[in-house]
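Engineer: structure, please.
(one chain, ligands or ions: 1)
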Amino acid sequence: MKKTKINVAVFVSGGGTNLQALIDSTYLIHANLSLVISNNKEAYALKRAENAGIPALTICKEDFADLESWEAALLSALEKHDIKIIVLAGFLSILSENFIKHYEKKIINIHPSLIPAFCGKGYYGLKVHEEALKRGVKISGATVHFVNEIPDGGEIIMQKAVDISGLRSAAALQKKIMEEAEWQILPKALELVCENLLAQDSE
Ligand code: GRF
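Structural biologist: Sure thing, here's the model as predicted:
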């Protein structure tokens, strides 16, 4: 039978507002949110998954002897749930090149700036917005991109700009960019990626 949906796993570490945007989105027709994986036992995102009835696992790096065994545990959970696409939604651990190879062009990330501005190693969380404020940019935004071996360096899938002129704190920038860009483009980009994958599979 022809497949109509792609099984998706969402990797989280914190509040999970981007996960919530995916759960609430009406754009996701070809994506099945099948699994949430957190690397933090305290992540509120786990509660969001539970409320939505999505199976959720906590697989913390600290509980494993090394990176290889942690990633082997991730891969085995993904395989068990037949996951084809991974969304990094505020996931604060770096995945190795070896892991990424298993899901080449199948992992997407949301970054809270207009790449190539304010991105790469060390640019995560509020730091991104602090640097944008310091530089005095008037427009920032968010980017959804494929993950490759270069931090925030993979192919760009979707971007949305946000006017941040007049904002004075990194927290204010973060809030506006989440509301006006991240929560909007992440579901749209995921739907696009799933649609394309289904089209490829039926060729
Ligand atoms: C978002 O700003 C996202 O762009 C960044 O981390 C934050 C995660 O927020 N990568 P949440 O956990 O989705 O609320």
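Engineer: which of the residues in stretch 82-92 are buried?
Structural biologist: By 16 or more other C-beta atoms under 10 Å, the buried positions in stretch 82-92 come out as 83-91. All C-beta atoms are positioned from the backbone trio N, CA, C, and that covers glycine.
Engineer: farthest-separated two in these?
Structural biologist: Greatest spatial distance among the buried residues of stretch 82-92 (C-beta to C-beta): K84 and G90, at 21.1 Å.
Engineer: what helix or strand is the closest residue to F64 other than its chain neighbours on?
Structural biologist: With C-beta to C-beta, 6 or more residues apart in numbering as the criterion, F64 has its nearest non-adjacent residue at 3.9 Å, and that residue is W70. Here W70 sits within helix 67-80, counting by DSSP states H and E.
Engineer: name the helices or strands packed onto that helix?
Structural biologist: For helix 67-80, the packing partners by 3 or more C-beta pairs under 8 Å, 6 or more residues apart in numbering; DSSP states H and E come out as strand 31-38, helix 97-102.
Engineer: enumerate the residues of the chain near the ligand.
Structural biologist: 12, 14-18, 45, 89-90, 110-112, 178, 182 (C-beta under 6 Å from any ligand atom).
Engineer: need these in a markdown table with pLDDT and secondary structure, can you?
Structural biologist: Listed next are the residues of the chain next to the ligand as a markdown table, based on pLDDT from 0 to 100; DSSP: H, G, I helix; E, B strand; the rest coil:
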| residue | pLDDT | secondary structure |
| --- | --- | --- |
| V12 | 98 | strand |
| G14 | 96 | coil |
| G15 | 96 | coil |
| G16 | 98 | coil |
| T17 | 98 | helix |
| N18 | 98 | helix |
| A45 | 98 | helix |
| A89 | 98 | coil |
| G90 | 95 | coil |
| I110 | 98 | strand |
| H111 | 98 | strand |
| P112 | 98 | coil |
| M178 | 98 | helix |
| E182 | 98 | helix |
